[in-house]
Each structure stands twice: as structure tokens, then as C-alpha cells.
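> from the sequence below, what's the structure:
(one chain, ligands or ions: 1)
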Amino acid sequence: MSDVLTISQVNELNYEEFIDLFGNVVEHCSICAAAVWRFRPFRDVYHLHQEICSFVDLLPDTGKEGVLRLHPDLAGRLAELGSLTQESSAEQKAAGLDTMTPEEKQLLKDTNAKYRDKFGFPFVICARQNKKEAILKGIVERLEHSAAEELNIGIEEVKKICMLRLLNIVPDK
Ligand SMILES: NC(=O)N[C@H]1NC(=O)NC1=O
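Alright, predicted model coming up:
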């Protein structure tokens, strides 16, 4: 089977195939794909996205924090070790995070650590919609927010990341 599917092909997948394909549209949260399986047939890729978003929105705050915690730091330890998921690695490259100067890298590392200390979960942003400059500016600004605001913003970013990952698998022709 090709990596790119139509929504009709998606609707014909069995559960295992569905999880294989969509298990990481929310980073390390295959429960999101497992949860929306019951809503087939999907009208289109946006319907599939909407069901995933509704599932995430219904999670208690502890669950939402968990979703954020399963995301790797941008340009963090996992990136240095080459241990990112394929999706995350491509997204971080798209933002130019693999071409940061040593100073930019250190700034992002320090700010990521401050962010995690303050909120108890990592800074999450849709890297494909932001270049490294916007990410560095964004994290400094978002450090000023409350934990409740950051939980909401982080989850909205997870939904954007999810939409782009879904469109990679089911392009909107
Ligand atoms: N921390 C963080 O934002 N990570 C993510 N962002 C993104 O676009 N892909 C990720 O893995």
C-alpha cells in the first residue's frame, strides 16, 4: 500500500492498519487514533482531525498535560541523539532547528528548561508553521503566561501538528 491514501482507502483499513498509519499523528499518543476508530466512516481528512481534536479536548487537564509531556523538546536531547520520531525529526528540520548557531541552540536549551521548570510540561509549538526565529521569540513570550494558558496553547499547537501529519498521509486533493 502506498503511504498516501484517499479517505475511502482510510475507511477500508482494518484497525491494526489504521493504528500503524495514524498512531503517531499525535506524538506517542496512539490512543488518539484508537479512540476515533469508532467514528468511521470519515467524510474527509478534516472529519478525522475533528474527532481526534474532540477526544483531546475531552481529556482532563492531567491527560492534556500528559499529551504535551510526550512531545520531545525542540532541538533537545533526543534530537542530539538522533532518537526523534521520523515525524518530529522532519518537522524540526523544516523549522531550521538543525541549522541553529551554537548560541541559538544554547538559548533554546536554557529557555526550554525554564519553561519545563515553570509549567511541568515541555514547550510545544507547531514547528512546520514556524521558523527558528519565531520559535525562539515564541518561547520567551510564552514563558510569561500562566500554566492554564500554556496548557491551552500547547494543546492547540498539538492539533496543528496533528493536522499537518494527517495531511501527509491523506492529502486534500
Ligand atoms: N516540543 C515540540 O513542540 N515538539 C514538536 N513540535 C513539532 O512540530 N513537532 C514536535 O515534535
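> what domains does the record give for the protein?
Structural domains assigned to the chain are 7-60, 66-165, following automatic domain parsing.
> need the residues that contact the helix or strand bottoming out on mean pLDDT in the chain.
Scoring the helices and strands of the chain by mean pLDDT, DSSP states H and E places helix 77-81 at the bottom, with a mean of 91. Contacts to helix 77-81, defined as C-beta atoms under 8 Å, 6 or more residues apart in numbering, come from residues 72, 73, 84, 88, 89, 92, 97, 98. To be clear about C-beta, it is placed using only N, CA and C from the backbone, and glycine gets the same treatment.
> who wins for proximity to residue 171 among the domains of the chain?
Across the domains of the chain, residue 171 has its closest neighbour in domain 7-60 (7.9 Å, C-beta to C-beta).
> on that earlier part again, would JSON lines of the domains of the chain with mean neighbour count be doable?
What follows is the domains of the chain, written out as JSON lines (neighbours: other C-beta atoms under 10 Å):
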{"stretch": "domain 7-60", "mean neighbour count": "16"}
{"stretch": "domain 66-165", "mean neighbour count": "17"}
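> the lengthiest helix in the chain and the ligand in contact?
Using DSSP state H, we find that the single longest helix of the chain is helix 147-169. Yes: shown here: helix 147-169 in contact with the ligand (C-beta under 6 Å from any ligand atom) through residue 161.
> does the ligand have contacts with stretch 94-102?
No: using C-beta under 6 Å from any ligand atom, stretch 94-102 stays clear of the ligand, coming no nearer than 7.2 Å.
> let the chain start at 5 from now.
Sounds good: first residue 5 from here, last item stretch 98-106.
> distance from the chain centre to that stretch, please.
18 Å (C-alpha atoms, centre = their mean, to the nearest Å).
> model confidence over it, on average?
Stretch 98-106 carries an average pLDDT of 94.
> what sits up against it?
78, 79, 83, 96, 112, 131, 132, 134, 135, 136, 139.
> mind redoing it with 6 Å?
With contact meaning C-beta atoms under 6 Å, 6 or more residues apart in numbering, stretch 98-106 is reached by 78, 79, 131, 132, 134, 135, 136.
> would you check which pair of those lies furthest apart?
Most distant of these, by C-beta to C-beta, are 79 and 132, 14.7 Å apart.
> show me the shaky parts of the chain.
5-6 (pLDDT under 70).
> interface residues of it facing the ligand?
31, 75-78, 92, 95, 126-132, 165.
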